[in-house]
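Novice: make a model of this:
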Amino acid sequence: MDKYRFWAVGSLAGREQTDLTIPLVAIALALIGALLVARSLNAVALGETVAHTLGANVARTRTVTLVLITVLAGAATAVAGPILFVGLIVPHLLRRLTVGSVPWLVTLSAVAGPILMLVADTLARVVLHTGEVPVAIVTAFLGGPMLIWVVRKYGAGSL
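Specialist: Below is the predicted model:
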């Protein structure tokens, strides 16, 4: 039941340090790649015509970005299971602070995502006296209202 719960909800509890080498290396390399492609993403965010004018290869930027997202999401899921809302809500909230700068958004998301996980994990461990709540449930309770707020304030098109 614990293995099913891990893969259905996600958890940080009971993880050993020995099998994390490959996912952590994949995450580190993909984050470096994300920082390298971030300037091209700034150009693509302005539109395809402007991106071509600025010298960005739009097709290559989109392909590399898709591969990096897949590697980051897959490695994070391999480590902690499908913990919801962290990768969805953190960048959307930080987008309002970075004012369109993709390099800053990637950097701040790499810092704020773990902070959100630390807060959610701490809440998950102390919310019940008799046991531990899976961290994915806490992130859903934190992320759900935030997602509703973003949609209500900025509209569904902002996602």
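Novice: every contact and neighbour count from this point should use C-alpha atoms.
Specialist: OK.
Novice: can you pull out the strands in the chain?
Specialist: Applying DSSP state E to the chain gives no strands.
Novice: show me where pLDDT drops low in the protein?
Specialist: Per-residue confidence for the chain (pLDDT under 70) gives these ranges: 1-18, 156-159.
Novice: tell me the spacing between the residue most central in space within the chain and G155.
Specialist: Geometric centre of the chain, nearest residue: G87, 2.4 Å, by Cα atoms, centre = their mean. Going from G87 to G155 by Cα to Cα, to the nearest Å gives 19 Å.
Novice: same check, this time on V79
Specialist: To G155, V79 is 33 Å away according to Cα to Cα.
Novice: one more: E132?
Specialist: Taking Cα to Cα as the measure, E132 falls 35 Å from G155.
Novice: same thing with D19?
Specialist: Taking Cα to Cα as the measure, D19 falls 41 Å from G155.
Novice: cool, I137 as well?
Specialist: I137 sits 25 Å away from G155, taking Cα to Cα as the criterion.
Novice: who has more neighbours out of these two?
Specialist: More crowded of I137 and G155, by other Cα atoms under 10 Å: I137, with 18 against 11.
Novice: please tell me I have it right and L105 contacts H92.
Specialist: No - using Cα atoms under 8 Å, L105 is not in contact with H92; the gap is 9.3 Å.
Novice: which of the two has more neighbours?
Specialist: Neighbours were counted for L105 and for H92 using other Cα under 10 Å; L105 has more, 23 against 17.
Novice: residues contacting the more buried one?
Specialist: P91, L94, R95, T98 (Cα atoms under 8 Å, 6 or more residues apart in numbering).
Novice: can you select the buried ones among the residues you listed for me in PyMOL?
Specialist: Selection of the buried residues among the contacts of L105 in PyMOL, burial being defined by 16 or more other Cα atoms under 10 Å:
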select buried, resi 91+94+95
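Novice: could you tell me which of the contacts of L105 belong to helices?
Specialist: Per DSSP state H, helices hold the following members of the contacts of L105: P91, L94, R95, T98.
Novice: ok, the first one to L24 distance?
Specialist: In this view, P91 and L24 are 21 Å apart by Cα to Cα.
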